[in-house]
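Trainee: Sharing a model that was predicted from the sequence below.
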Amino acid sequence: FNAGVMVIDLNRWRQRHASQLVAEWIAMNARRRLWLHGSQPPLLLLFHDEVVSLHWSWNVDGLGHRLNYPKNVLNEAKVLHWTG
């Protein structure tokens, strides 16, 4: 999944102590350099089995470098995600 756009069940987040676990993974990464891509890897590790995909319109990404989206895609988008 792409952590750029997420909808989080805050009750579940708190039950899992997700903030603490993400912080622990980030601290471990600072010591051992396990990955290079920000916060996405610990989120994938913690929630790999609890992800529900959003409709594509909630994350139309690549804007800033991708210039060929059809007009209807841009019109239907709920979130325009600039990544360049």
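Mentor: On my side now, so go ahead.
Trainee: can you give me the strands for this structure?
Mentor: Along the chain, counting by DSSP state E, strands occupy 60-63, 80-82.
Trainee: Run me through the strand neighbours of the first one, direction for each.
Mentor: Spelled out, that is strand 60-63. strand 80-82 (parallel) (DSSP bridges).
Trainee: sorry, back to before: out of the strands of the chain, which comes closest to residue 71?
Mentor: strand 60-63 (12.1 Å; Cβ to Cβ). C-beta coordinates here come from the backbone N, C-alpha and C atoms, glycine included.
Trainee: quick one: contacts of that closest one?
Mentor: In this structure, residues lying in contact with strand 60-63 by Cβ atoms under 8 Å, 6 or more residues apart in numbering are 2, 4, 69, 73-74, 77, 79-84.
Trainee: For that strand, give the mean pLDDT please.
Mentor: Strand 60-63 shows a mean pLDDT of 88.
Trainee: roughly how far is that strand from the heart of the chain?
Mentor: 13 Å (Cα atoms, centre = their mean, to the nearest Å).
Trainee: And stretch 52-71, by the same measure?
Mentor: 14 Å.
Trainee: same deal with stretch 4-20?
Mentor: 12 Å.
Trainee: what's near enough to touch residue 6?
Mentor: Taking Cβ under 8 Å, 6+ apart as the test, what residue 6 contacts is residue 43.
Trainee: typo on my end, it should be residue 32
Mentor: With Cβ under 8 Å, 6+ apart, residue 32 has no contacts at all.
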